[in-house]
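Visitor: can you look at this prediction? I've put the sequence above it.
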Amino acid sequence: MKFKAHDVVRASGLSYRQLDYSLRTGILRLSGGSVCGYGVPRRFGLGDVVALAVLHDALDVGVAPSTVAPALRLVQRQVSERLLDRVRDTFVSTDGRRARFMKKGEVIEKTGGVVMYIFDLGAVVDRVQDRLPREGQRS
């Protein structure tokens, strides 16, 4: 299922300006080969929407978008309709260079002073699903 930009703005919590900035600067690229260009409507997959919601959470706590870019790309590649139940108990962590998924209760090894940012994917997915239009409610 593909979503329009106004649906993504509502579901992710980002403003349209933040959404546009994240795409234009390459922090996130649309998955599935969606075309970006003047006059071409953008279409977003579920992985794109969840990754943008994670970006919103990062911005809310003052984390620079470039710092969480590896986590955004990992979420974007791995989250899909058929894998939603698998991410309910999953977190994504990043140190700004690498990102990985973690299960609830998993311990992070010492990172030698590197700050790790951790985002609860289950909470993000629930929030996004509540805000996205259902199949019959498409606008």
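Guide: Perfect, I can see it now.
Visitor: only C-alpha atoms for contact and neighbour calcs from this point on.
Guide: Fine.
Visitor: where does Pro41 fall, secondary structure wise?
Guide: Here Pro41 sits in a region with no helix or strand, counting by DSSP states H and E.
Visitor: now do it against Arg88, distance only.
Guide: 31 Å (CA to CA, to the nearest Å).
Visitor: now do Val40
Guide: Counting by CA to CA, the separation of Val40 from Arg88 is 34 Å.
Visitor: more crowded one of these two?
Guide: Using other CA atoms under 10 Å, the more surrounded residue of Val40 and Arg88 is Arg88, with 17 against 9.
Visitor: okay, buried residues for the helix or strand where Val124 lies please.
Guide: If you go by DSSP H and E, Val124 is part of helix 121-131. If you call a residue buried by 16 or more other CA atoms under 10 Å, then helix 121-131 has these buried ones: 121-122, 124-125, 127-128, 131.
Visitor: grab the nearest non-local neighbour of the spatially most central residue of the chain.
Guide: Centroid-nearest residue in the chain, with CA atoms, centre = their mean: Ala51, separated by 0.7 Å. Once flanking residues are discounted, Ala51 sits nearest to Leu72: 4.9 Å by CA to CA, 6 or more residues apart in numbering.
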